[in-house]
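*Asks:* sequence first, predicted model second:
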Amino acid sequence: MADLVSLVRFALRQEGELRPHREQVDQRFAAWLAKQESNGRKFTEEQRQWLETIRDHIATSLAIEKGDFEYVPFEQRGGLGKATQLFGKELGPLLNELNEALAA
């Protein structure tokens, strides 16, 4: 499904080059993370692991919502409760930000 989105964007000339969706998400994530760090936002190693898992989910599902934390692999890592513990009140805005930055 995600690669179909890339194909449609290319066909509509919204993208100049046909590339796998996963590759685009990885590139956007790296740019997003670098921007966060340059703005002084620091993430712990555990938070980074969660962010990478969120990135992987967006790459295959095109978006993420809090309800997705009830499923594998998030549920295996503690689900929504653990994500909330790690990111606090920033979790909702963070998910929105990642959806916008990575699935654009």
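*Replies:* Received, thanks.

*Asks:* only C-alpha atoms from now on, for both contacts and neighbour counts.
*Replies:* Fine.

*Asks:* quick check: what element follows the helix or strand of the chain with the lowest mean pLDDT along the chain?
*Replies:* Using mean pLDDT, DSSP states H and E, helix 2-11 stands out as the lowest-scoring helix or strand of the chain, at a mean of 55. Per DSSP states H and E, the first helix or strand lying C-terminal to helix 2-11 is helix 21-38.

*Asks:* so what does that following helix touch, helix or strand wise?
*Replies:* The contact analysis (3 or more C-alpha pairs under 8 Å, 6 or more residues apart in numbering; DSSP states H and E) places helix 21-38 against helix 2-11, helix 45-61, helix 91-103.

*Asks:* what about the residue positioned nearest the centre of the chain, distance to Lys82?
*Replies:* Closest residue to the average C-alpha location of the chain: Arg55 at 3.1 Å, with C-alpha atoms, centre = their mean. Separation of Arg55 from Lys82 (C-alpha to C-alpha, to the nearest Å): 17 Å.

*Asks:* pLDDT weak spots in the chain?
*Replies:* Applying pLDDT under 70 to the chain flags the ranges 1-16, 18, 104.
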